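A.B. asks: sequence-free structure coming up:
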């Protein structure tokens, strides 16, 4: 195995670890937000207007956290593929345009 192949394998493993632990951090954060919201709702003893506020804030926090992670991951993957030069993988290059017709006299 050459050094380039070993480095490519190491880079792929590093990206897998980053994705795995990033997703784990998002999931744990979301579970913590849900836990705090559930505890807050339980302690409010049925005050509906405040419960709606707590649940709305929790939903906003969870969706923002998840969307931010997915957006950052998508941009990171796109930038990495462009930097490595395989951004157009699977696409055919455009066919050259035919030369313009020439008039003869």
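C.D. replies: Structure received. No experiment lies behind these values; they were computed from the predicted model shown. Numbers count the residues shown, from 1 in each chain.

A.B. asks: hey, where'd the helices end up in the chain?
C.D. replies: 3-43, 48-84 (DSSP state H).

A.B. asks: Quick one: mean pLDDT for the first one?
C.D. replies: In this model, helix 3-43 has an average pLDDT of 89.

A.B. asks: That helix vs helix 48-84, what angle?
C.D. replies: Counting by axes from the mean of the first three to the mean of the last three Cα atoms, to 10 degrees, helix 3-43 lies at 170 degrees to helix 48-84.

A.B. asks: what about residue 25, distance to residue 49?
C.D. replies: Per Cβ to Cβ, to the nearest Å, residue 25 is found 33 Å from residue 49. C-beta here means a position set from N, CA and C on the backbone, and glycine is covered the same way.

A.B. asks: quick one: which of these two has more around it?
C.D. replies: Using other Cβ atoms under 10 Å, the more surrounded residue of residue 25 and residue 49 is residue 25, with 12 against 7.

A.B. asks: about what we covered before: need the helices of the chain in TSV (columns: distance to residue 103).
C.D. replies: Formatted as TSV, those follow (distance: least, Cβ to Cβ, whole Å):
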stretch	distance to residue 103
helix 3-43	54
helix 48-84	44
